[in-house]
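S.K.: How does the following fold in three dimensions:
(one chain, ligands or ions: 2)
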Amino acid sequence: MPAKKNKTIFKCSSCSHEETKWLGRCPSCGSWNSFEEEQVTVKKKTTSAEKKKSAEAINLTEVDTLADYRFTSGITELDRVLGGGIMKGGAVLLGGEPGIGKSTLMLQLLSSSPVAKCLYISGEESPTQIRMRADRLKLKLNKIFLLHDAELEHIERVLNKNKPQLVIVDSVQTLFSQEVGLVPGTTSQIKYSCMELINWAKLQGTAIFFIGHVTKDGSLAGPKVIEHMVDTVINFEQAASGIRIIRASKNRFGSVDELGVFTMGGKGLLPVADPATFFIGQRREPIPSGSVISAVFEGSRTFMVEIQALTIPAKSGYSRVYSDRIDSARVSRISAVLEKHFGLSLSANDIYINVAGGMRLSEVGIELALAMAIYTSITGKKLSNNIVLVGELSLAGELRTVQHLDKRIKTAREMGFTVMVGPDIGTKSKVIHKNHDGLTFVPCRTIEDAVLALTQ
Ligand code: TYD
Ligand code: MG
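M.R.: Ligands and ions are numbered 1, 2, ... in the order given. The predicted model follows:
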C-alpha cells in the first residue's frame, strides 16, 4: 500500500481555485475570504468502479442495454422534468434555497415510487423530525429506511448491506470521508463522497438523488462542484407564495425544457394537473391598463401568463427598471423600441414589471405582450380580456415569429380567448389562414401594426 502523505492546500469555496497559501481575495474569481484550508492525502485510492473495470475497449453493439431502465417517481410533474421517470443507476442533483421543499419532495418520492426498498440518508434532520414530517404528509412508511449519518464509509457499509434501489442523500453539504482530510463540508469532501456514491449506484443500478442547498445568489460552492458528475440537475424555484416550480438545467436522459409545477400546502407538494391557465387566475372585464396576456411555450406545454407593467415618473431623475421575473435588460430594450417608435417618454419613467403567479419568463415569445403592457400602462389604454399577444420584437420594431405558434393558438382557443395578435409569418402559412374555431389570428409585421390593430 502506498504511503500516505498529507499536504495542506487552500481552496477557493466559490471557484475551487487552489493556492499553497491563504489569500484574502481569490485571484481567479475575485471573492473575498473564500479560501478554505484543506488536507489533501496524496494517495491514489482505487474507486469501487475502477476495481471492477478492466481497461479494455468494447464495441458499442456488445454493450448491455437495460430492460425497463426507467421507473416512475409516482409524481407526474417530477417524472416530466426528469425526462419521463427515474433512470436506474442515474444520479440526480436537486438544488434550491433552504426551506423551499427539497426534503419534503424527496420524502414524498420515496413513498410514491413503486420501488420496494428505499433509503433516506440524512446528515441534517434527526429521525424524529423526518418521521414527524412523514406522518404529517400521511406517507406510507414501511418501505422507507432511514440512516442518520453523513460519513461516507458508514454510508457505504449500509448501502452494501441493504442494497436499496432508490437512495436520497440529504444533503451533499454534510457528507464527509476520512480519506479526505479532517475538515467536513469542504468542496473536496463533497466531490469525493459524491463520486464514490455515484459509482456505487451505477454498479448497482440504483437511482440516487442528492439534495444541495443553494443560496439566493447561487453562490454556495457545494452543489455546483458536483454538477458535472451527476446525470441530471434539477432546481427548485419559488414562484408566488405556495407555488413551486422545478426545472432541469442538465439532463443526460431527456430535454431540459420541461417545467414541473407544484403547490405547497398542508399535504406537502401537490402537482398542478393542468397548469395552462394556472398563472392567470380569474379574468375580469375590463382588465386594467398595463396588464396583458401572452402564451408561452415551455417544454411540451403552453402556459397562459399575465404580464403587468407600471410606469411612474422617475423618482431619482433617471429611469430605473424593477423586474425580477423578466430580465431587466430585456425590459430596457423593449422600452427603448417603444420610445423610438412611439415617442413615449419612457426614459423619464421608472418601470415596474411583474408576472402574475411569479413565473420566471425567459422565452422570446413574450416580447410583444411585454411591449403592450408597458405601452398601455403609460398611455392608459386598455385591452379587452379575450386577447392574447405572441411574438418576438427586433430592435427595428419588427415582429418575429416564435416556435410552436400553432400549439399556442390551440391552448389560447381552448382557454376561451378569441383573438391572438402575432407575427405575420407569410401569406402561405396555414396558421394564419386556418379557421381556429372561434379564435381570430391577427398577423402583424411591426409593433406599429400591432398597436394599431389593438387600439383602434
Ligand atoms: P423542506 O422540505 O424542509 O425544505 P428544504 O429541505 O428545501 O429546506 O420544507 C420546509 C418548508 O415547507 C417549511 O417552511 C414548511 C413547509 N411545508 C409545508 O408548507 N407543508 C408541508 O406539508 C411540509 C412538510 C412543509
Ligand atoms: Mg431539507
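
S.K.: Pull the contacting residues for the residue in the stretch 251-400 of the chain that ligand 1 sits nearest to.
M.R.: With Cβ to the nearest ligand atom, the shortest gap between the stretch 251-400 of the chain and ligand 1 falls at G268, namely 4.0 Å. (Each C-beta comes from the backbone N, C-alpha and C, glycine too.) Residues in contact with G268 (Cβ atoms under 8 Å, 6 or more residues apart in numbering) are G101, T104, L105, L107, Q108, R136, L137.

S.K.: isn't the second one right next to K267, touching?
M.R.: No. Under the contact definition of Cβ atoms under 8 Å, T104 does not touch K267, with a separation of 10.1 Å.

S.K.: shared neighbours of those two, anything?
M.R.: Common neighbours of T104 and K267 (Cβ under 8 Å, 6+ apart) are L137.

S.K.: Which one's more surrounded, the two?
M.R.: T104 (19 against 11; other Cβ atoms under 10 Å).

S.K.: Please state the offset of the one helix or strand the more buried one maps to from the chain centre?
M.R.: Using DSSP states H and E, T104 falls within helix 102-112. Its chain's C-alpha centre and that of helix 102-112 lie 18 Å apart, by Cα atoms, centre = their mean, to the nearest Å.

S.K.: before we move on, back to that, excluding its backbone neighbours, what's nearest the residue of the stretch 251-400 of the chain closest to ligand 1?
M.R.: Counting by Cβ to Cβ, 6 or more residues apart in numbering, G268 lies nearest to L137, which is 4.6 Å off, once chain neighbours are set aside.

S.K.: Kindly report the same for L368.
M.R.: Nearest non-adjacent residue to L368 (Cβ to Cβ, 6+ apart): G391, at 3.9 Å.

S.K.: Check that neighbour and give its pLDDT.
M.R.: Per-residue confidence (pLDDT) for G391: 96.

S.K.: and the residue nearest to G268, how many neighbours?
M.R.: Neighbours of L137 using other Cβ under 10 Å come to 15.

S.K.: Repeat that for N33.
M.R.: Using other Cβ under 10 Å, N33 is surrounded by 11 other residues.

S.K.: Quick one: residues contacting it.
M.R.: G24.

S.K.: again, 6 Å this time
M.R.: Shown in contact with N33 (Cβ atoms under 6 Å, 6 or more residues apart in numbering): no residues.

S.K.: re the thing from before, any idea how far the residue nearest to G268 lies from G101?
M.R.: 11 Å (Cβ to Cβ, to the nearest Å).

S.K.: Which secondary structure elements does the longest helix along the chain sit against?
M.R.: Assignment by DSSP state H gives helix 187-204 as the longest helix of the chain. In terms of contacts (3 or more Cβ pairs under 6 Å, 6 or more residues apart in numbering; DSSP states H and E), helix 187-204 is packed against helix 48-52.

S.K.: can you list the domains in the protein?
M.R.: What automatic domain parsing lists as the domains of the chain is 5-44, 68-271, 291-455.

S.K.: List the buried residues for the longest helix of the chain?
M.R.: Buried positions in helix 187-204, judged by neighbour count with 16 or more other Cβ atoms under 10 Å: 187-194, 196-202, 204.

S.K.: same check, this time on stretch 104-119
M.R.: Applying 16+ other Cβ under 10 Å to stretch 104-119 flags T104, L105, M106, L107, Q108, L109, L110, S111, S113, V115, C118, L119 as buried.

S.K.: Check the residues you listed and tell me the two furthest apart.
M.R.: T104 and V115 (18.5 Å; Cβ to Cβ).

S.K.: need the contact list for K407.
M.R.: T302.

S.K.: quick one: which helix or strand includes it?
M.R.: K407 belongs to helix 405-414, assigned by DSSP H and E.

S.K.: Up against ligand 1, what does this structure have?
M.R.: 96, 98-104, 133, 136-137, 264, 266-268 (Cβ under 6 Å from any ligand atom).

S.K.: are any of those residues buried, and which?
M.R.: Using 16+ other Cβ under 10 Å, the buried members of the residues of the chain next to ligand 1 are G96, I100, G101, K102, S103, T104, R133, M264, G268.

S.K.: okay, the fifth one: pLDDT?
M.R.: S103 carries a pLDDT value of 96.

S.K.: which residues sit in contact with it?
M.R.: D170.

S.K.: try 10 Å this time
M.R.: L94, Y120, S122, E124, E125, Q129, I130, R133, I168, D170, S171, I211 (Cβ atoms under 10 Å, 6 or more residues apart in numbering).
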